[in-house]
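J.: Let's see this in three dimensions:
(one chain, ligands or ions: 1)
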Amino acid sequence: MASTEEDGGSVEEKENNNRKRTKSAVTVAWLTFYNIAMTAGWLVLAMTMMRFYIQKGTHKGLYKSIARTLKFFQTVALLEVVHCAIGIVRTSVIVTGVQVCSRIFMVWFITNSIKQIQNEESVILFLVVWTVTEITRYSFYTFNLLNHLPYFIKWARYNMFIVMYPIGVVGELMTVYAALPYVRKTGMLSTRLPNKYNVSFDYYYFLIIVMLSYIPLFPQLYFHMLRQRRKVLLGEIIVEKDE
Ligand SMILES: CCCCCCCCCCCCC/C=C/C(=O)SCCNC(=O)CCNC(=O)[C@H](O)C(C)(C)COP(=O)(O)OP(=O)(O)OC[C@H]1O[C@@H](n2cnc3c(N)ncnc32)[C@H](O)[C@@H]1OP(=O)(O)O
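T.: Numbers count the residues shown, from 1 in each chain. As a prediction, this is how the structure comes out:
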């Protein structure tokens, strides 16, 4: 079913069109290009993962096969924080910043840095969840910018996260947990006193703090998405506090 959002008459639709008119043509062009590129990137990741699994019949080595593409597209997502900061998308810098930084942290400082955990099932778990989520999210933004949003994409964007978000978080937390013994054994990214800078840092305890920080931060992201869902799917008017 591919019903479109073109009936044009409703208040919601008019508000939507007004918002789009306030974006300059250059902004719309850039965001459209950005979202198409990101959709394509995550589609390539999905296809590479599926091909790997079909050919090898195992998830072992899968991370290595997609590492470069994943690092590239997830790092480019830092632009989303810039988009919010310069005001070309109406999203909170803090919400987007936490989301993007936690992903970049998972990719660069956990999975990429600790080879011993790259074959954990939990890595595949969050990779699959991220991939499905991002294909949906970027195609949602693209079709929305082009004023041809199929209802099933809108539905998927604002429903799938209900299960995908917690599953992704479980995958991430299990991966960090699996990394802890290696981090403790090797002392990686840690500095102990005495040293010439007189600074001590223990990555092992830092990771425990990161894991604990999911407790206050994740519900905020989740409730933000639930509010977005009510606003977009149910048309509720939500007065946002300054975030
Ligand atoms: C140093 C280490 C720190 C570590 C800290 C750790 C703690 C972390 C705790 C939390 C961990 C989270 C881990 C994440 C796991 C996963 O991702 S699991 C997979 C499931 N994930 C999801 O479902 C992700 C859901 N999140 C999001 O979608 C976003 O990232 C969001 C920022 C949280 C919410 O999106 P938001 O943009 O606010 O909502 P929307 O409704 O989509 O958009 C609002 C308006 O902005 C416009 N817009 C946004 N981006 C774009 C764009 N790229 N192009 C065009 N337009 C865009 C959008 O159209 C909306 O505009 P209006 O229509 O005008 O309202």
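J.: Which elements pack onto the helix or strand T39 falls within?
T.: Secondary structure assignment for T39, by DSSP states H and E: helix 25-56. Contact analysis of helix 25-56 by 3 or more Cβ pairs under 8 Å, 6 or more residues apart in numbering; DSSP states H and E lists helix 62-76, helix 121-145 as its packing neighbours. Where C-beta positions appear, they are placed from N, C-alpha and C, glycine not excepted.
J.: which parts of this protein sit against the ligand?
T.: Selection of the chain residues close to the ligand by Cβ under 6 Å from any ligand atom yields 19, 31, 35, 80, 89-91, 95-96, 98-99, 101-102, 105, 129-130, 133, 137, 141, 144-145, 161, 164-165, 168-169, 172, 210, 213-214, 217-218, 221, 224-225, 228.
J.: out of those, which are inside helices?
T.: Among the residues of the chain next to the ligand, DSSP state H puts 19, 31, 35, 80, 95-96, 98-99, 101-102, 129-130, 133, 137, 141, 144-145, 161, 164-165, 168-169, 172, 210, 213-214, 217-218, 221, 224-225, 228 in helices.
J.: For the closest residue to Q220 other than its chain neighbours, the count of nearby residues, please.
T.: Spatially, and ignoring its direct neighbours in sequence, Q220 is nearest to V95 (7.4 Å; Cβ to Cβ, 6 or more residues apart in numbering). V95 has 17 neighbours, counted by other Cβ atoms under 10 Å.
J.: looking at it, V95 is touching L221, isn't it?
T.: Yes: assessed by Cβ atoms under 8 Å, V95 is found in contact with L221 at 6.3 Å.
J.: any idea how far the ligand is from G235?
T.: As judged by Cβ to the nearest ligand atom, to the nearest Å, G235 and the ligand stand 12 Å apart.
J.: Then L78?
T.: 12 Å.
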